[in-house]
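**Q** Got a predicted model here, sequence first, then my questions.
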Amino acid sequence: MWRKGFRGWFYLSIAAALVVSLRNFDVYWLILELGMVAAVLGRYPLFDQPEEPELQRPLTVFMAFPFTVYVALSVLDMESGPLMVSLGTLTTMMATLLLCLFFILILVKRTEFHMNYRFILGFATVASISLATLFALLRTSYSLAQGTEVSNGELMWSLIGIIAGGVISGLLFKRDMRRMDYTGLLMVEPEEGSG
Amino acid sequence: MRARMSTVAITIVSEAAVVAMGVWAYSEGRSYPGNGATMGALILLLPLLLEKAGAFKMPLFMHLWAVLAVGLHTFGLVMGLYDTTWWWDELTHVTSSSMVCMIAALALYLFDIHSLKIKVPRWAYPLMVLTFAIFIGIVWEVAEFTGDQLAGTRMQYSTADTLSDCYVDLLGGTITSLLWVGWLWRDPGGELEASVQPPLIRLFDRVF
């Protein structure tokens, strides 16, 4: 049985994060949140049996926790300073990794595309870094087009943060998955007759 | 193992050209282009060494593409074209990134053929190649930034330059994706399938 407290935190963190990102016009986080909402509503892989207690762990660590940190950093206006920026980047990459895993698992489960769990996690890690990088590049291009000065150092440090955050998130997922015994989550067989 | 005549010939000619450019740069006291040429000469040896080791026979068009990428980069360094010709950096980025993406696509193709656990349909190649193109592009930019910070190499000029490099890397990935799904995926001469040799296949099996 999915515990009530967790369910409350799960939905509250999504709702609060949606409000914060809408208020801040944070397109990247909006995409993350809407992707998660689509996953919950669509009951796609990773979310298709949310009542299972073993799913609470990855959903807590890679979704509810990052969403809560994102809301807390914004509401408490703590988004400056190296420590807070690093924490923000890490939690953003953790949520991005979960979203990428979710998309890859949909492809693996519903098409003829197939990978073993090592490949799924490795590809999801690379995809999360690429997705976050693409948005960082687009955001910087937009700022330059608007006449806002962004130094090359600022851009490069944000990219370094994205790479580090992505790699740490991937390793965290792998370690957590093995320690908490939810490796089976990524072992998805293609559905019969798919493709 | 005996290497193909074409591999040996391409390696000798390309090594001669790159080493000559390196020697010229060193003779003028310019160590940075010289070091770039040395690195290029080492990279160009890899296809021959891998083939001699019986691990991998690089398809001919890929070998020529690698020579073009390394050759353009070295020529640009030695002639100072990165500083004088605005589009040189874009040209080398697009050839290099398309080359690296081609190797990634080939690796996926070989996994698809030789592994039961990994199946990559044709439509998935652009998705994976473009993801890889962005990833490898920023890894390269971070390496340049690190070089600039630690050794004062001045490889990155400005924010706009870094951005355009990353977008051009994406363009290189797009070119590879189009070539792959439109033509290479069919492997007309069977060269792609034959590129991987038994020791590498056994390594694939052990690791994956």
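**A** Everything's here; your move.

**Q** So which elements touch the helix or strand where residue B:104 lies?
**A** Following DSSP states H and E, one finds residue B:104 within helix B:88-114. Where contact means 3 or more CB pairs under 8 Å, 6 or more residues apart in numbering or on different chains; DSSP states H and E, helix B:88-114 is packed against helix B:60-79, helix B:81-84, helix B:124-151, helix B:159-182, helix B:198-207. All C-beta spots, glycine's among them, are computed from the backbone N, C-alpha and C.

**Q** And it, how far out from the chain middle?
**A** Its chain's C-alpha centre and that of helix B:88-114 lie 7 Å apart, by CA atoms, centre = their mean, to the nearest Å.

**Q** again, but for stretch B:108-128
**A** 20 Å.

**Q** How about the contacts made by residue A:131?
**A** A:96, A:100 (CB atoms under 8 Å, 6 or more residues apart in numbering or on different chains).

**Q** ok, 10 Å please
**A** Residue A:131 sits next to A:28, A:31-32, A:93, A:96-97, A:99-100, A:103, A:162, A:166, B:131, B:134 when contact means CB atoms under 10 Å, 6 or more residues apart in numbering or on different chains.

**Q** Distance to residue A:11, secondary structure and pLDDT for these - can I get that in a markdown table?
**A** Below are these laid out as a markdown table (distance: CB to CB, whole Å; DSSP: H, G, I helix; E, B strand; the rest coil; pLDDT from 0 to 100):
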| residue | distance to residue A:11 | secondary structure | pLDDT |
| --- | --- | --- | --- |
| A:28 | 21 | helix | 95 |
| A:31 | 19 | helix | 94 |
| A:32 | 16 | helix | 93 |
| A:93 | 23 | helix | 96 |
| A:96 | 20 | helix | 96 |
| A:97 | 21 | helix | 95 |
| A:99 | 17 | helix | 92 |
| A:100 | 22 | helix | 93 |
| A:103 | 22 | helix | 88 |
| A:162 | 28 | helix | 97 |
| A:166 | 27 | helix | 97 |
| B:131 | 31 | helix | 96 |
| B:134 | 33 | helix | 96 |
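
**Q** Output the helix-or-strand element of chain A with minimal mean pLDDT as PDB - backbone C-alpha positions only.
**A** Within chain A, confidence by mean pLDDT, DSSP states H and E is lowest for helix A:56-59 among all helices and strands, at a mean of 78. Provided in PDB are the C-alpha atoms of helix A:56-59 (Å, rounded to 0.1, in the frame of the first residue of the first chain):
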ATOM      1  CA  GLN A  56       8.800   4.900  -3.500                       C
ATOM      2  CA  ARG A  57      12.500   4.900  -3.200                       C
ATOM      3  CA  PRO A  58      13.500   6.100  -6.700                       C
ATOM      4  CA  LEU A  59      10.500   8.400  -6.900                       C
END
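
**Q** shaky segments in chain A?
**A** For chain A, the stretches with pLDDT under 70 are A:1-4, A:45-54, A:180-195.
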